[in-house]
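In: when you get a sec, could you give me coordinates for this:
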Amino acid sequence: MLQAQIEAVKEVYDDCEEIKATALELGLAELKVRKLLITGNIISYEQTDTITSLQKEGKTIDQIIEITGLSRASINGYLPYTKVPYKETEISSNAEWCIAYRKRKAAVEVLKENKSEKQLWECIELFQGYPFRTVTGLKYSYILKKGRNGNYTKELFIDRRESSKSLAWSSILLAMQKVDPDIVYEKPKAIGDIRGISYIYPMLWRFGIISVPEEVEQKLRGKGVGKKQTKK
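Out: Sure thing, here's the model as predicted:
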């Protein structure tokens, strides 16, 4: 399980090139992402090498704190995982985010090849709760609700800081049908005057349906804080 988590985080990190953006993509804490990358020998820190060397010399944590001036929490943050979780709830949580990432990735890959209504809806179902961002930086996610027949209704309920609103499935489908794969869409309105297009635009980009300028992509990823660390 630990190796599967490392591989999933590495895939996203290689693409996002930032710990913060990787954490946002996977819905994980930045500290967890960093420790997984350290554990997989994907990134390195001078502090990690120093702490590891002191441990090999037989120094205790209290002695390392005194020598380095780092807090106990900071030392833990720079060290790799040395054991897998033993609590059933933590094991379940780790498995869930890893499985969710794999399912979303697979669905997006199929949608890129087959831009059908059915495949688009599968992505909509799988990306519930995903942390999207608009071009202006507004964070939002959405959920679907089930009707009396037990199936999802064709309406997305957007959750954002200021308030909540609904987004019609028909608007998302219309947007997908209007886009041209050869066009780089610089802003949401370039797709068309569609209700909720500011929310649909990041979704279409994340689903691999549209291309956007590099500077816009960085905004949609939530990039900009922190730099990529040195790879091993």
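
In: okay, strands next: where are they in the chain?
Out: 132-133, 139-146, 152-160, 164-168 (DSSP state E).

In: and of those strands, who's closest to residue 121?
Out: strand 152-160 (8.3 Å; C-beta to C-beta). Where you see a C-beta, it was placed from the backbone N, CA and C, and this is true even at glycine.

In: which neighbouring elements make contact with the closest one?
Out: strand 139-146, strand 164-168, helix 169-178 (3 or more C-beta pairs under 8 Å, 6 or more residues apart in numbering; DSSP states H and E).

In: contact partners of that strand?
Out: Here strand 152-160 makes contact (C-beta atoms under 8 Å, 6 or more residues apart in numbering) with 124-125, 138-147, 164-170, 172, 196, 199.

In: over to stretch 61-75?
Out: Residues outside stretch 61-75 that contact it (C-beta under 8 Å, 6+ apart): 47, 50-51, 54-55, 59, 78.

In: and if we set it to 6 Å?
Out: Stretch 61-75 is contacted by residues 51, 54 when judged by C-beta atoms under 6 Å, 6 or more residues apart in numbering.

In: again, but for stretch 108-127
Out: Counting by C-beta under 6 Å, 6+ apart, 103-104, 107, 176, 207-208 sit against stretch 108-127.

In: are any of these buried, and which?
Out: 104, 107, 176, 207-208 (16 or more other C-beta atoms under 10 Å).

In: rounded mean pLDDT for stretch 140-153, please.
Out: Averaging pLDDT along stretch 140-153 gives 92.

In: in that stretch, what's buried?
Out: For stretch 140-153, using 16+ other C-beta under 10 Å, the buried residues are 140-142, 144, 152.

In: rebuild the residues you listed as CSV, extending it with distance to residue 34.
Out: Converted to CSV, the buried residues of stretch 140-153 look like this (distance: C-beta to C-beta, whole Å):
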residue, distance to residue 34
140, 26
141, 23
142, 28
144, 32
152, 36
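
In: what count of nearby residues applies to residue 22?
Out: By other C-beta atoms under 10 Å, 28 other residues sit near residue 22.

In: contact partners of stretch 187-198?
Out: Contacts of stretch 187-198 (C-beta under 6 Å, 6+ apart): 134, 167, 171, 174-175, 178-179, 185, 201.

In: just to revisit the earlier point, distance to residue 94 added to the strands of the chain, as a markdown table?
Out: Below are those laid out as a markdown table (distance: least, C-beta to C-beta, whole Å):
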| stretch | distance to residue 94 |
| --- | --- |
| strand 132-133 | 23 |
| strand 139-146 | 21 |
| strand 152-160 | 24 |
| strand 164-168 | 30 |
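
In: of all the ones you listed, which one is nearest residue 223?
Out: Closest to residue 223 of these is strand 132-133 (C-beta to C-beta; 10.0 Å).

In: in its sheet, what does that closest one sit against?
Out: Strand partners for strand 132-133, identified by DSSP bridges, are recorded as strand 139-146 (antiparallel).

In: which residues touch the strand it pairs with?
Out: Taking C-beta under 6 Å, 6+ apart as the rule, strand 139-146 contacts 128-133, 152-153, 156-160.

In: wait, residue 40 sits on residue 6?
Out: Yes: contact criterion C-beta atoms under 6 Å: residue 40 and residue 6 qualify, at 3.8 Å.
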